[in-house]
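Participant: Fold the following, please.
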Amino acid sequence: MIRLKDIAESAGVSVMTVSKALRNEPDISEATKARIRGIADRTGYVPNNSARGLRTRRTQQFGLIISALSNPMYTRTFMAIEEQAHEMGYEIIVAQTLNNAEREADCIRRLLARQVDGLFIRPVYRPDPSAGIYEELKKRKTPTVILGHRALFCSDFPNVETDDLAAAKAVTEHLLDLGHRRIACLTGPIFAPWAQERYEGYRRALMEHGLEVDEKLVFQAGATIEEGAAAALQFINEQPKATAMIAANDLVAFGAANTLLDQGISIPQDLSVAGFGNVLSAEYFRVPLTTVRQPKYRRGLAAMESMKSLLTGESVSPKRLPAELAIRKSTTAPAV
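Facilitator: Presented below is the predicted three-dimensional model:
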C-alpha cells in the first residue's frame with residue numbers, strides 16, 4: 001500500500017508538504033501540487049479517510065435519508081447534493097425510510113454510528129409533536145438539514161422547502177381561468193405539511209373566486225401511483241360531476257389519470273388533470289401532464305449551502321423556494 005511517506009520520498013519533500021498538496025492547501029505552490037498529484041496518480045495512492053478522520057474529527061461523509069430510492073422527486077435534489085459534496089471531497093451515504101418512523105430512526109442511528117459530518121433528511125411525517133430520534137440529533141448537535149417542510153418534531157433544524165401554498169394556488173387558478181368551477185382535489189397524506197399546504201392553496205384559490213370547497217370533490221389519495229388509482233376509482237363511483245382534477249403530486253396524478261383513461265374518460269376533453277412536482281415522466285405521460293415545476297435541483301444546492309454554513313458554526317435560516325407552472329395538454333377549458 002502506497003503511503004504519504006513513499007510519495008514524499010519520491011518527490012523529495014516532507015510528508016507534511018505532500019499532505020497539504022493533496023488537500024489543495026494554499027501555501028503550497030501549484031507546480032509542487034501538480035508534481036505531487038502526478039506521483040500519487042502514478043503510484044495509485046488512495047487516501048486513508050479513517051486515519052484522516054481521527055486527525056481532523058471529520059469523516060468527509062454526509063448521510064442522505066429519503067423515503068424511497070425509487071421516488072423520482074428526489075433524483076435531481078440528490079444529484080445537486082452529490083455534485084456539491086464531490087467538489088468538497090465528500091462522499092454521500094444514502095438510506096431510505098420507506099415512510100416508516102422506526103426505520104427512519106434506525107437509519108439515522110446507523111449514520112451517526114458512521115460519524116457522518118452532517119445529515120440531509122426527508123422526514124417521515126407523523127402527528128406527534130416530538131420524536132425521540134430528532135431530540136437525539138439536537139443533543140448531539142449533528143449538522144442537519146431537513147429536505148422539505150418542517151413539522152413540530154423537526155422544527156429545530158433548518159430546512160429547504162418549496163412554496164407549495166402559492167404553487168397549488170397557481171395551478172388551481174389556472175383551471176379556474178380556463179372556466180372550471182367544479183374542481184376535484186386528490187389530497188396527500190394527512191400529516192404531511194406539504195400536503196396541507198397544497199390543499200390550502202387549492203382552498204384559497206377557490207375562495208378568492210367566490211367558491212366554497214365542496215367536500216364531495218375532495219378525495220384522500222396519499223402520495224403513490226397506487227393510491228392515485230384507488231382515489232380515481234372512488235371518484236368514478238361517486239360521480240361528483242367535476243370537470244377538472246388536481247392531484248397531490250405527479251405520482252398520484254399518473255395513477256388517477258391512467259385509471260380514468262382506462263375507464264374511457266378522455267383527458268382533457270372530459271376531465272382536465274393537473275399534478276404537482278414535474279417529475280421527468282410528466283412531460284411524456286400518455287397525455288402530457290400540466291403540473292407544478294418544483295425547483296428540485298435548486299433545492300439540493302440550497303440544502304448544501306445550509307450544510308456548509310452549519311459545518312462552520314453559522315446560524316442558518318429556513319429557505320423557501322418559488323415554483324412555477326408547467327402547462328401541458330392535460331388541461332383545457334371545460335366542454336360546454
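
Participant: What's the local residue count around Ile92?
Facilitator: The number of residues packed near Ile92 is 16, by other CB atoms under 10 Å. For glycine as for every other residue, the C-beta is placed from the backbone atoms N, C-alpha and C.

Participant: List the contacts of Gly142.
Facilitator: Careful, residue 142 is Thr and not Gly. Neighbour list for Thr142: Leu112, Val116, Gly118, Leu119 [criterion: CB atoms under 8 Å, 6 or more residues apart in numbering].

Participant: how about a cut-off of 7 Å?
Facilitator: Leu112, Gly118, Leu119 (CB atoms under 7 Å, 6 or more residues apart in numbering).

Participant: Which secondary structure element is home to it?
Facilitator: Of the helices and strands defined by DSSP states H and E, none includes Thr142.

Participant: still on that earlier bit, show only the entries of the contacts of Thr142 found in strands.
Facilitator: Among the contacts of Thr142, the ones falling in strands (DSSP state E) are Gly118, Leu119.

Participant: Restrict the contacts of Thr142 to the buried ones and give me that as a PyMOL selection.
Facilitator: For the buried members of these, the matching PyMOL selection, counting by 16 or more other CB atoms under 10 Å, is:
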select buried, resi 112+118+119
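
Participant: Including distance to Ile133 and pLDDT, could the contacts of Thr142 go into a markdown table?
Facilitator: Converted to a markdown table, the contacts of Thr142 look like this (distance: CB to CB, whole Å; pLDDT from 0 to 100):
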| residue | distance to Ile133 | pLDDT |
| --- | --- | --- |
| Leu112 | 10 | 93 |
| Gly118 | 16 | 97 |
| Leu119 | 11 | 98 |
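
Participant: As a markdown table, the contacts of Thr142 with distance to Thr59 would be great.
Facilitator: Converted to a markdown table, the contacts of Thr142 look like this (distance: CB to CB, whole Å):
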| residue | distance to Thr59 |
| --- | --- |
| Leu112 | 11 |
| Gly118 | 10 |
| Leu119 | 12 |
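
Participant: Closest to Asn249 out of the contacts of Thr142?
Facilitator: Checking the contacts of Thr142 against Asn249 by CB to CB gives Leu119 as the nearest, at 24.1 Å.

Participant: what bridges to that closest one?
Facilitator: Per DSSP bridges, residues listed as beta-bridge partners of Leu119: Gly63, Thr144.

Participant: Please compute how far the host helix or strand of Phe235 lies from its chain's middle.
Facilitator: Using DSSP H and E, Phe235 maps to helix 225-238. Centre-to-centre, helix 225-238 and its host chain are 26 Å apart (CA atoms, centre = their mean, to the nearest Å).
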